[in-house]
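Asks: sequence and predicted structure, then a few things I'm wondering about:
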Amino acid sequence: MQIGPHTLETPLIVAPMAGVTDRPFRELCLRLGAGMAVSEMLLANPDVWDTQKTRMRMDHSAEGGLRSVQIAGADPEMMAFAARYNVEQGAQIVDINMGCPAKKVNKKLAGSALLRQPDLVRTICRAVVDAVEVPVTLKIRTGWDPDNRNGEEIARIAEDCGIAALAVHGRTRTDLYRGEAEYDTIRAIKQAVSIPVVANGDIDSPEKARYVLDYTGVDAVMIGRAAQGRPWIFREIRHFLETGTKLPPPEREEVRTLMNEHVTNLHQFYGAYLGARIARKHVGWYLDEEETGREFRKHFNALDCADAQLEALEAYFDGLG
């Protein structure tokens, strides 16, 4: 898949997820087979940038891999300013968020709320594309609600404005994350435009990835929630696409190593205090399907000390034998 001058080695992209796809998570997914990882959403309004988390999210210079940064907002001038600022900080691709269904985002007419205003979509896309020299991509949903699936219209607008690639989540805004993603609209969008299209939504196995690629004809698939606690899903899908055979699940010792590495990187990236708190949800996802992990998660979530968390993980895996 080609995005401007950038070629993805594999058609697998980590979906942007607020509070999840920080630098430690993105770099882990890239090492385990993803072709690109999109950053957490950054609001375009500079008035909300003066926080530790936001400042860390906007420092892209030290990050490995292809650096794609997602911005969100409804004001074309602010979006253009945010795009320029993030490119100055090291972004190689700017991604526009018009897919987030969260109420607090939609109340400001950002995210998927913009799908109800095609003229504003056009203005924002043109403003951002004109503001930077790097490729600009767009993330959308299939429409506002099941009776108003205007994804094809939005896709044509995006292509006309110079958007380099389009990612489509197979639900409408009102669907949130309920029910099952549908791929007919994504298939129609792919047929309606000539720019690369990426399918997103409910892709949680190698077989599902193969099906979606074949059925829709898209250029790549984007994976979000299925990678939480299972970053090796990209390696599994990549192997299946290349060979037609499935990899066995990772051995327990590899999971142990990956979890320790991930938690350690969170401590180092955020600092011991904040890193320990952020590590809790990731450890919970890793152990979500483990019967032996339920009681351990309660214990782990009560730990405030980074060193204590690492010691607890070692003890947990030692106890498994």
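Replies: Yep, it's here. Numbering: from 1, shown residues only.

Asks: residues contacting the closest residue to residue 261 other than its chain neighbours?
Replies: Once flanking residues are discounted, residue 261 sits nearest to residue 28: 7.4 Å by C-beta to C-beta, 6 or more residues apart in numbering. (Each C-beta comes from the backbone N, C-alpha and C, glycine too.) Applying C-beta atoms under 8 Å, 6 or more residues apart in numbering to residue 28 gives the contacts 231, 258, 261-262, 265.

Asks: now, of those, which are buried?
Replies: Applying 16 or more other C-beta atoms under 10 Å to those, the neighbour count classes 231, 258, 262, 265 as buried.

Asks: pLDDT at residue 230, what is it?
Replies: For residue 230, the pLDDT comes out at 97.

Asks: one more: residue 106?
Replies: 67.

Asks: cool, residue 50 as well?
Replies: 76.

Asks: doesn't it fall inside a strand?
Replies: No: applying DSSP: H, G, I helix; E, B strand; the rest coil, one finds residue 50 to be coil, outside a strand.

Asks: would you mind giving the domain segments of the chain?
Replies: Here the domain parsing of the chain from the TED database is 1-241, 250-317.

Asks: which one of those is the most hemmed in?
Replies: domain 1-241 (a mean of 20; mean count of other C-beta atoms under 10 Å).

Asks: quick revisit: and which of the buried ones among the contacts of residue 28 is nearest residue 129?
Replies: Of all the buried ones among the contacts of residue 28, residue 129 sits closest to residue 231, with 31.9 Å by C-beta to C-beta.

Asks: list the contacts for the closest one?
Replies: 25, 28-29, 32, 258, 262.

Asks: kindly recompute the last result at 6 Å.
Replies: Neighbouring residues of residue 231 by C-beta atoms under 6 Å, 6 or more residues apart in numbering: 28-29, 32.

Asks: gap between it and residue 308?
Replies: Distance, residue 231 to residue 308, by C-beta to C-beta, to the nearest Å: 24 Å.

Asks: residue boundaries of the helices in the chain?
Replies: 23-31, 52-57, 76-88, 103-106, 118-131, 151-161, 184-192, 206-216, 233-243, 252-270, 272-286, 293-301, 306-320 (DSSP state H).

Asks: ok, residues contacting stretch 37-50?
Replies: By C-beta under 6 Å, 6+ apart, stretch 37-50 touches 14, 16, 18, 21, 26, 29-30, 57, 68-73, 78-79, 82, 95, 97.

Asks: got it, and stretch 217-224?
Replies: Counting by C-beta under 6 Å, 6+ apart, 1, 11, 13, 15, 17, 167, 190, 196-200, 203, 209, 212 sit against stretch 217-224.

Asks: again, only using 7 Å
Replies: Residues from elsewhere that reach stretch 217-224, judged by C-beta atoms under 7 Å, 6 or more residues apart in numbering: 1, 8, 11-15, 17, 167, 186-187, 190, 196-200, 203, 209, 212-213, 233.

Asks: same check, this time on stretch 243-250
Replies: Taking C-beta under 7 Å, 6+ apart as the rule, stretch 243-250 contacts 206, 232, 235-236, 239-240.

Asks: now it, how far from the centre of its chain.
Replies: Distance, stretch centre to chain centre, for stretch 243-250: 24 Å (C-alpha atoms, centre = their mean, to the nearest Å).

Asks: CA atoms of it as PDB?
Replies: This file holds the C-alpha atoms of stretch 243-250, laid out as PDB (Å, rounded to 0.1, in the frame of the first residue of the first chain):
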ATOM      1  CA  THR A 243       1.400 -18.300   3.600                       C
ATOM      2  CA  GLY A 244      -2.200 -19.300   4.100                       C
ATOM      3  CA  THR A 245      -1.300 -21.100   7.300                       C
ATOM      4  CA  LYS A 246      -1.800 -20.100  10.900                       C
ATOM      5  CA  LEU A 247       0.800 -19.500  13.500                       C
ATOM      6  CA  PRO A 248       0.500 -21.200  16.900                       C
ATOM      7  CA  PRO A 249      -0.400 -18.900  19.800                       C
ATOM      8  CA  PRO A 250       2.700 -17.300  21.500                       C
END
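
Asks: rewinding a little: what pLDDT does the model give the residue nearest to residue 261?
Replies: The model's pLDDT for residue 28 equals 96.

Asks: how close does it sit to residue 53?
Replies: 19 Å.

Asks: what do you get for residue 212?
Replies: 33 Å.

Asks: for residue 33, same thing?
Replies: 27 Å.

Asks: now do residue 172
Replies: From residue 172 to residue 53 the distance is 30 Å (C-beta to C-beta).

Asks: same check, this time on residue 257
Replies: 27 Å.

Asks: in the stretch 51-200 of the chain, where is pLDDT below threshold?
Replies: 61, 106-109 (pLDDT under 70).

Asks: run the last query once more with 80
Replies: Low-confidence segments of the stretch 51-200 of the chain, defined by pLDDT under 80: 51-64, 102-110.

Asks: could the contacts of residue 231 go into a markdown table alongside distance to residue 156?
Replies: What follows is the contacts of residue 231, written out as a markdown table (distance: C-beta to C-beta, whole Å):
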| residue | distance to residue 156 |
| --- | --- |
| 28 | 36 |
| 29 | 31 |
| 32 | 35 |
